[in-house]
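*Asks:* Predicted model and sequence follow; I will ask about them next.
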Amino acid sequence: MILGSWAMGAVNSCAHTVCVLGIPYCRSRAIDHFYCEIPAMVSLACGDTWVYEYTVFFSIIIFLLFPFLVILASYGKVLLAVYRMRSQEGRRKAYSTCSAHLTVVTFYYVPCAYTYLRPKSLRSPAEDKVVAVFYTILTPLLNPMIYSLRNKQVLGALTRLPQSICSLKM
């Protein structure tokens, strides 16, 4: 499964790269973005890019929205099974685990979908940069913190933190 997903992702990425490099650019080739993201490059094109934009749209549905919906559906089934559990403590632990994972998944998938599914007419370079920072920097940065909040030792240290800060001031 891992090799298949890597291979499909590599083929998809290469196909988009080849298509974007084949688009005629007549304006400045300076991209108003942090890196060469496809929507930023398409906005510089002087030719008609509707075929390529539809290709990106269908690609995002297949490689982004479909997996996200499968994840949500599987977690729906998990949460339904957890809801039927009799143990209150077990239910709390399961909800904690599921909520941490769903938070990280949502922080990644939603900004990506927002970036790639918006039409060219609704794009702004400043907004694209903010969203790109969210899913390329903020989500990986928050990932360890979100998962570590489930750890009892980390939670204990965080609850003792205000007391230790107050004792330092005195």
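*Replies:* Great, that's in hand.
*Asks:* May I ask you to name the longest helix in this structure?
*Replies:* Among the elements of type helix in the chain, defined by DSSP state H, the one spanning the most residues is helix 88-117.
*Asks:* Can you pull out the low-pLDDT segments for this structure?
*Replies:* Residue ranges of the chain with pLDDT under 70: 27, 149-151, 154-155, 158, 161-170.
*Asks:* tell me which residues in the longest helix of the chain are buried?
*Replies:* The neighbour-count check on helix 88-117 (16 or more other CB atoms under 10 Å) flags 94, 100, 103-105, 107-109, 111-113, 115-116 as buried. The C-beta positions use only the backbone N, C-alpha and C, and glycine is treated the same way.
*Asks:* send the alpha carbons of the very next helix or strand once past it over as CSV?
*Replies:* Moving toward the C-terminus from helix 88-117, the next helix or strand (DSSP states H and E) is helix 125-133. Written as CSV, here are the backbone C-alpha positions of helix 125-133 (Å, rounded to 0.1, in the frame of the first residue of the first chain):
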residue,chain,number,x,y,z
PRO,A,125,-1.3,35.9,-3.6
ALA,A,126,-1.3,37.1,0.0
GLU,A,127,-4.1,34.7,1.0
ASP,A,128,-2.3,31.8,-0.8
LYS,A,129,0.9,32.5,1.2
VAL,A,130,-1.0,32.5,4.5
VAL,A,131,-2.7,29.2,3.7
ALA,A,132,0.5,27.7,2.5
VAL,A,133,2.3,28.6,5.7
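*Asks:* what comes into contact with helix 125-133?
*Replies:* With CB atoms under 8 Å, 6 or more residues apart in numbering as the contact definition, helix 125-133 has outside contacts at Asp32, His33, Phe34, Tyr35, Glu37, Pro39, Ala40, Ser43, Pro111, Tyr114, Thr115.
*Asks:* which ones are touching Ser121?
*Replies:* Contacts were defined as CB under 8 Å, 6+ apart; by that measure Ser121 touches no other residue.
*Asks:* what about it, distance to Ile38?
*Replies:* Here the criterion is CB to CB, to the nearest Å. By it, Ser121 lies 16 Å from Ile38.
*Asks:* Once you drop chain neighbours, what's closest to the residue nearest the centre of the chain?
*Replies:* If you average the C-alpha coordinates of the chain and look for the closest C-alpha using CA atoms, centre = their mean, you land on Tyr108, 1.5 Å from that point. Take Tyr108 and drop its neighbours on the chain: the residue closest to it by CB to CB, 6 or more residues apart in numbering is Thr139, 4.9 Å away.
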